[in-house]
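Colleague: structure of the sequence below:
(one chain, ligands or ions: 1)
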Amino acid sequence: MHSYGRFNFATVGLKRYSYTNRLRKLRSLSAIYLYFGYIMQVVIDKFSGFCWGVVRTIQIAEETLAENNGNVYVLGNIIHNPKEIARLEAKGLQTISRDDLDNLFPDAKVLVRAHGEPPETYRRAFARGIEIIDATCPIVSKLQERVRKFYDSGFQVVIFGKKEHAEVVGVRGVCNDECIIVKNVGDALKNVDFSRPTVLFSQTTMDRAGFFMIRQALHERINDLIVEPAEFGSEKFQAKDTICGQVSGREEHLARFAADNDVVIFAAGKASSNGKVLYEVCRAANPRTYFIEDVEELRKEWFDGAETVGVSGATSTPQWYMEIVKSAVESGKFGECRTSAQTLNQSL
Ligand code: SF4
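Modeller: Below you'll find the predicted structure:
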């Protein structure tokens, strides 16, 4: 981060402005904004926004909506982003819960989102003649297959993740809920049965550092471990890093992007796991990082003295919404701010 101090075009004027290097820099900027005497550059992180799994899900939803005049249901929020949900609902997408399956008419079209579903959902739908449009992300489908394989082979399945997260609910279903969900090393050491052959997986959107810590702790504790160092694979213990590269691959770039900007606005749905992980990456690199779900949460004082503002988002944040955030920051017209952004920034 860097600072060149304040100046005011209205009173100083370009000709009289003597910092030639800075002027050269300012002329090269694609987005500059005259803001209360500051020049502020606002850029969108070009590596942020929808991952390909979400792009695929949204495409399937749009196509199915077009083919069925909008009469399509989806099990749970299609992604963890209320803006995109509202856009698709305006086209006719209806969000339902699993319990609602029993009330749908036969031939109803029900979309399974990228997070996937447990096998029980498919059974229930089939029994009622409901047509499932399966938009499960292939990476999640692969995770489910691998969990099933180890479970069927008699392994104790341990998942690094959040028990009620939609993806984990689906994974739990493929092993009849006979798995152990852990959020940290303490959970793992307390709940794993070390006498059993064990396999460790991860929810696709967890942080890799956390996974490695749990892997190491289990590795050290399990007796008679025969480990291939690179694989952490043995008859007794195996660890499968199933964190999605679309999440972990962004972290290094994101940290650089955050450090390169004076202020970072991270836009994501508050229910997005991936959003929370990536937000923490930004905040670690730049303490002036703010999490928002809605542009109305922007606060004028966040930008005091800032000359560069970066806008980034989660794998579930639409590009069009980041454009709205960029425009809102550039406009400098911030509305009455809600406290939710503050609360989230304090609690994360
Ligand atoms: S983050 Fe990865 S696993 Fe999740 S939907 Fe996107 S591509 Fe699929």
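Colleague: hmm, Leu75 is touching Arg113, no?
Modeller: Yes. Between Leu75 and Arg113 there is a contact under Cβ atoms under 8 Å: 6.7 Å. Where C-beta positions appear, they are placed from N, C-alpha and C, glycine not excepted.
Colleague: higher neighbour count, those two?
Modeller: Arg113 (28 against 21; other Cβ atoms under 10 Å).
Colleague: distance check, that one against Glu62.
Modeller: Distance from Arg113 to Glu62, counting by Cβ to Cβ, to the nearest Å: 14 Å.
Colleague: can you map out the strands along the protein?
Modeller: Using DSSP state E, the strands of the chain run over 32-35, 38-44, 72-75, 93-96, 109-112, 131-134, 156-160, 179-182, 198-202, 237-239, 263-267, 289-292, 308-313.
Colleague: tell me which of those lies nearest to the ligand.
Modeller: Minimum separation from the ligand across the strands of the chain (Cβ to the nearest ligand atom) falls at strand 198-202, 10.9 Å.
Colleague: which residue does this structure have closest to the ligand?
Modeller: Here the chain gets closest to the ligand at one residue, Gly53, 2.5 Å apart by Cβ to the nearest ligand atom.
Colleague: on that earlier part again, make CSV from the strands of the chain and add distance to the ligand and mean pLDDT to it.
Modeller: Below are the strands of the chain laid out as CSV (distance: least, Cβ to the nearest ligand atom, whole Å; pLDDT from 0 to 100):
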stretch, distance to the ligand, mean pLDDT
strand 32-35, 33, 51
strand 38-44, 19, 86
strand 72-75, 15, 98
strand 93-96, 18, 97
strand 109-112, 12, 98
strand 131-134, 14, 97
strand 156-160, 14, 97
strand 179-182, 18, 98
strand 198-202, 11, 96
strand 237-239, 18, 91
strand 263-267, 16, 97
strand 289-292, 18, 97
strand 308-313, 13, 96
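Colleague: tell me which of these is the most buried.
Modeller: Across the strands of the chain, averaging neighbours per residue (mean count of other Cβ atoms under 10 Å) puts strand 263-267 on top, at a mean of 28.
Colleague: how far off centre is stretch 196-208?
Modeller: Counting by Cα atoms, centre = their mean, to the nearest Å, stretch 196-208 is centred 18 Å from the centre of its parent chain.
Colleague: same check, this time on stretch 197-216
Modeller: Distance, stretch centre to chain centre, for stretch 197-216: 17 Å (Cα atoms, centre = their mean).
Colleague: how long is that stretch end to end?
Modeller: Counting by Cα to Cα, to the nearest Å, you get 16 Å between the two ends of stretch 197-216.
Colleague: just the buried positions in that stretch, please.
Modeller: Along stretch 197-216, these residues count as buried under the neighbour rule (16 or more other Cβ atoms under 10 Å): 197-207, 210-211, 214-215.
Colleague: this structure: helices as residue ranges?
Modeller: 9-12, 20-28, 52-67, 82-89, 119-128, 138-152, 166-174, 185-191, 208-221, 245-260, 273-285, 319-331, 340-347 (DSSP state H).
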